[in-house]
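Visitor: have a look at this prediction, sequence included:
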Amino acid sequence: MKLYLKGLTCANCAGKIETAVNALKETQQVEMNLVKQTMEVSIAEGIEEDSVLQKIEKIVHKFEPDVEVGLKNNAPLENVGCACGHCHTEKHGYDHHEHHEHDHENDHHEHHEHGEEVEGKRLWIRFGCGGILFLAAVFLRESSAALYLFLISYAIFGYDVLLRAVKNILRGQIFDENFLMSLSTVGAIAIGEMPEAVFVMMFYQIGEAFQDYAVRRSRKSITALLDIRPDSAEVITANGIKRVHPDAVNVGDLILVKAGERIPLDGKVKEGHAHLDTAALTGEALPRGVEPGNDVLSGCINLDGNLKIEVSRPFKDSTVMKILEMVENAAGKKSKTERFITRFARVYTPAVVGLAVALAVLPPLLGFGGFQMWFGRALIFLVVSCPCALVLSVPLSYFAGVGAASKNGILVKGGGDLDTLSHITQLAFDKTGTLTKGKFSVVEIKANDKEELLYLAALGEANSNHPIAEAIVQEMRKTKDVSLNSVSEYKELGGFGISYSLNGEQVLLGNIRLMEREKIACRPYEGVGVVVYVAKGGSYKGYIVVADTLKEGCKEALRALRNKGVHSMIMLTGDRKENAEAMAKELGIDDFYAELLPEDKLRILEKLKQRDEAGKMAFVGDGMNDAPVLAGADLGIAMGGIGSDAAIEAADVVLMDDDIGKLAVGIRIAKNTKTIVKQNIVFALGIKALVLILSAVGMATMWMAVFADVGVAVLAILNAMRKK
């Protein structure tokens with residue numbers, strides 16, 4: 001069950017809600033996502049959903065009375081007659097229900113933005129009025145009016161904090177930030193420190209506003225991705241073009257995508273030529289040209305020309321929907337550091353409050369000074385205690401890292417996976433489709449007359465669908481577009497090759513065994529790849545080598561990975577040993593294992609993981625047979641462009657444009673994120689510990705305490721949001 005918690009922005013309260021809901025006997029697992037304002041709840045078997053929802057709502061309102069709780073997709077029932085004024089089903093071919101939902105979402109989005117704008121104006125008015133009165137009180141400090149001005153400005157800044165503190169105490173929820181701020185500021189007023197009390201409350205409210213802004217900004221970075229989700233598709237039917245919701249399009253349907261439009265579903269181009277903007281999916285700024293026969297992905301923008309595309313996947317399984325699902329769910333997959341900080345905050349705040357009470361009571365009882373002096377120090381101690389700097393900045397750091405990776409075409413499925421990526425020391429690669437293009441091409445032609453040799457080979461291979469044959473024909477058509485149907489007496493020689501007749505002469509194409517059988521003298525090729533020997537009229541003409549070629553920039557990518565701390569690279573492949581050995585040598589890979597089955601890869605990976613127990617082992621693959629080893633590695637990395645659905649599902653990281661060079665970028669982002677998290681933890685705890693000690697010995701002021709609380713939180717959040 002997925003719930004939305006509209007208006008929840010306090011990280012501390014979010015952690016308390018998650019703990020309380022997790023403690024219910026009706027729930028099995030609870031995952032809170034503050035950035036998305038959602039909560040995933042797994043309900044125990046046989047429990048009614050409605051009863052659990054009521055209990056959860058009570059828990060949420062115990063900590064946050066103003067937060068709205070509801071089912072994520074719980075929309076109001078539609079009336080039989082529609083009065084929205086925008087539905088013209090017959091004219092546009094829209095499904096009424098889908099179109100109405102879309103309008104409702106747009107209206108809700110606009111209403112939400114308008115509400116934020118109004119709230120922002122109210123905040124400016126509140127801060128402006130309160131600030132003016134505070135400055136006036138400071139200026140007129142010696143007059144009798146100053147007291148009233150201080151009290152009025154304090155009420156303007158703190159009325160909602162005081163109300164929430166009272167309500168929470170009545171509900172039995174005492175140790176929260178509202179109670180801490182109310183107790184410390186009311187105590188400051190009681191001992192005559194009026195300016196400090198007002199300033200603490202003012203600075204606290206400014207910090208809270210900034211924290212809300214930081215959460216909203218992070219949430220908008222997710223919402224902005226929704227812009228890549230198409231709203232409609234134009235389906236070509238017998239009766240013309242019909243515009244429908246993408247979810248209503250079937251596999252095999254033909255859709256029209258005009259210049260400037262976003263491709264709504266995955267498919268294959270049937271007609272038309274165009275350039276596509278793929279930046280939203282791959283992070284690649286350079287447009288990609290497509291023509292009939294090319295596969296295209298949903299979410300790309302057609303820059304020029306009209307395309308007719310045959311749909312290959314339903315909308316729910318399309319690339320754009322998978323990307324949105326992965327990025328939206330990323331914020332909910334917490335790292336070990338995030339989980340530790342949440343547990344730490346639950347213990348930290350009550351412990352500090354207990355110490356503050358002891359600081360106020362014990363020294364006077366033991367004769368070390370008056371109660372008022374120690375009470376003032378205890379108030380300063382309380383102000384410092386709020387753990388918001390850690391509880392909010394750490395998840396924001398990870399979410400910002402996931403967002404930075406997605407902008408570069410690297411989809412990381414969660415903060416925990418980003419954490420693992422920062423510790424990668426060993427990488428194992430599949431070969432075909434990962435290090436190589438996964439497509440055969442002619443790499444060498446050895447003959448006195450290369451053009452004639454290629455022509456003879458292409459004539460014989462023209463009627464075959466074998467990848468080797470297609471590579472030879474494709475190479476021929478690069479230079480000369482000729483008819484390849486002028487042969488006779490065509491025969492396939494099982495296990496040897498092909499024989500055909502051209503102008504009365506026999507032409508042979510095949511392996512070395514064919515040449516030996518026909519007693520045609522030639523020297524065997526000893527390099528890497530598949531060799532096609534050619535003879536005509538009993539005379540040897542030469543050979544053609546066809547092989548899978550390395551991806552562009554592959555060598556540079558592996559060098560960059562070594563510079564990022566990857567000290568061991570291994571290739572695991574099902575290819576022949578000779579090919580694997582030559583490829584590993586060319587790339588400078590440390591070790592290789594060839595002629596492997598999927599279960600062999602997994603077995604070898606488990607052994608390799610034990611080489612470096614301090615670091616992490618990642619596997620990079622693209623095919624269906626790589627899914628088991630992707631799931632078995634510390635971190636599975638899949639090729640998103642040509643990778644199978646099973647591989648992408650099993651992986652923790654997806655490279656959307658199949659560029660192995662993006663791995664080094666991903667590791668850099670992960671390491672930077674980890675550094676920022678460590679900086680925030682050390683900085684926040686260090687400053688708080690220092691001010692806590694200074695307040696205990698009477699050397700800290702209320703102003704220092706405010707900085708140690710709100711100031712540290714603001715600086716930590718700013719650090720979390722900076723460019724990775």
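Guide: Happy to help now that I have it.
Visitor: just give me the neighbour total for the closest residue to residue 542 other than its chain neighbours.
Guide: Excluding the flanking residues, the one nearest residue 542 by C-beta to C-beta, 6 or more residues apart in numbering is residue 447, at 2.8 Å. For the C-beta atoms, the positions are set from N, CA and C on the backbone; glycine is no exception. Neighbourhood size, residue 447 [other C-beta atoms under 10 Å]: 17.
Visitor: surely residue 447 meets residue 453?
Guide: Yes: with contacts counted by C-beta atoms under 8 Å, residue 447 reaches residue 453, the gap being 3.9 Å.
Visitor: between those two, what contacts are shared?
Guide: Common contacts of residue 447 and residue 453, defined by C-beta atoms under 8 Å, 6 or more residues apart in numbering, comprise 534, 541, 542.
Visitor: measure the residue nearest to residue 542 to residue 501 for me?
Guide: The gap separating residue 447 from residue 501 is 20 Å, by C-beta to C-beta, to the nearest Å.
Visitor: all strands of the stretch 101-250 of the chain, in order?
Guide: Assigned strands in the stretch 101-250 of the chain, in chain order: 233-237, 240-244 (criterion: DSSP state E, counting those that start in this stretch).
Visitor: now do the buried residues in the last one.
Guide: When you say that, I think you mean strand 240-244. Using 16 or more other C-beta atoms under 10 Å as the test for burial, strand 240-244 gives residue 244.
Visitor: the helix or strand that that strand is followed by: partners in the sheet, and parallel or antiparallel?
Guide: Toward the C-terminus, strand 240-244 is succeeded by strand 254-257 as the next helix or strand (DSSP states H and E). Strand pairing for strand 254-257, determined by DSSP bridges: strand 233-237 (antiparallel), strand 307-311 (antiparallel).
Visitor: next, the angle strand 240-244 makes with the first one.
Guide: Per axes from the mean of the first three to the mean of the last three C-alpha atoms, to 10 degrees, the angle that strand 233-237 makes with strand 240-244 is 150 degrees.
Visitor: contacts for strand 233-237 next, please.
Guide: 241-246, 249, 253-258, 264-265, 308.
Visitor: recalculate using a threshold of 10 Å.
Guide: With C-beta atoms under 10 Å, 6 or more residues apart in numbering as the contact definition, strand 233-237 has outside contacts at 93, 240-250, 253-258, 261-265, 270, 298, 308-309, 311, 315.
Visitor: confirm residue 276 sits in a helix?
Guide: No: counting by DSSP: H, G, I helix; E, B strand; the rest coil, residue 276 falls outside a helix, being strand.
Visitor: tell me the buried residues in the helix or strand harbouring residue 61?
Guide: Using DSSP H and E, residue 61 sits in helix 49-63. Residues of helix 49-63 classed as buried: 52, 53, 56, 57, 59, 60, 61, 62, 63 (neighbour count, 16+ other C-beta under 10 Å).
Visitor: then stretch 248-261?
Guide: 248, 249, 253, 254, 255, 256, 257, 261.
Visitor: same question, stretch 649-665
Guide: 650-665.
Visitor: who does whichever strand or helix holds residue 17 touch, helix- and strand-wise?
Guide: Per DSSP H and E, residue 17 falls inside helix 11-22. Helices and strands touching helix 11-22, by 3 or more C-beta pairs under 10 Å, 6 or more residues apart in numbering; DSSP states H and E, are strand 2-6, strand 27-33, strand 38-43, helix 49-63, helix 177-190, helix 194-223, helix 336-365, helix 388-407.
Visitor: need the contact list for residue 185.
Guide: Contacts of residue 185 by C-beta under 10 Å, 6+ apart are 154, 157-158, 161-162, 193-194, 196-201, 204, 379, 382-383, 702.
Visitor: can you flag the buried ones in the residues you listed?
Guide: Applying 16+ other C-beta under 10 Å to these flags 154, 157-158, 161-162, 193-194, 196-201, 204, 379, 382-383, 702 as buried.
Visitor: residues in contact with residue 126?
Guide: Residue 126 touches 156, 157, 159, 160, 205, 209, counting by C-beta under 10 Å, 6+ apart.
Visitor: can you check residue 426 too?
Guide: 566-570, 590, 605, 608-609, 611-612, 615-619, 633-634.
Visitor: what does residue 5 give?
Guide: 13-14, 17, 32-34, 36-39, 56-57, 60, 64, 67-70.
Visitor: redo that, cut-off 7 Å
Guide: 37, 38, 39, 60, 67, 69 (C-beta atoms under 7 Å, 6 or more residues apart in numbering).
Visitor: from what I see, residue 500 and residue 489 are in contact.
Guide: Yes: using C-beta atoms under 7 Å, residue 500 is in contact with residue 489, at 5.9 Å.
Visitor: when these two are compared, which one has more neighbours?
Guide: Each of residue 500 and residue 489 has its neighbours counted (other C-beta under 10 Å); residue 500 has more, 21 against 11.
Visitor: which stretches of the stretch 401-550 of the chain form strands?
Guide: Going by DSSP E, counting those that start in this stretch, the stretch 401-550 of the chain shows strands at 410-412, 424-429, 436-447, 488-493, 497-502, 505-510, 530-536, 539-550.
Visitor: what's the closest non-adjacent residue to residue 141?
Guide: Residue 141 sits nearest to residue 195 (C-beta to C-beta, 6+ apart), 7.8 Å away.
Visitor: so how many other residues sit close to the one you found?
Guide: Other residues close to residue 195 by other C-beta under 10 Å number 17.
Visitor: gap between it and residue 154?
Guide: From residue 195 to residue 154 the distance is 10 Å (C-beta to C-beta).
Visitor: next: residue 422.
Guide: 46 Å.
Visitor: same question for stretch 560-580: list its buried residues.
Guide: 560-561, 564, 566, 568-575, 579-580.
Visitor: how about stretch 465-473?
Guide: For stretch 465-473, a neighbour-count test (16+ other C-beta under 10 Å) marks 468, 469, 470, 471, 472, 473 as buried.
Visitor: out of the residues you listed, which comes closest to residue 427?
Guide: residue 471 (29.3 Å; C-beta to C-beta).
Visitor: test my guess that the closest one contacts residue 442.
Guide: Yes: counting by C-beta under 7 Å, residue 471 touches residue 442, with 5.8 Å between them.
Visitor: identify the contacts common to these two.
Guide: Shared contacts of residue 471 and residue 442, counting by C-beta under 7 Å, 6+ apart, come down to residue 546.
Visitor: pull the number of nearby residues for residue 362.
Guide: Other residues close to residue 362 by other C-beta under 10 Å number 11.
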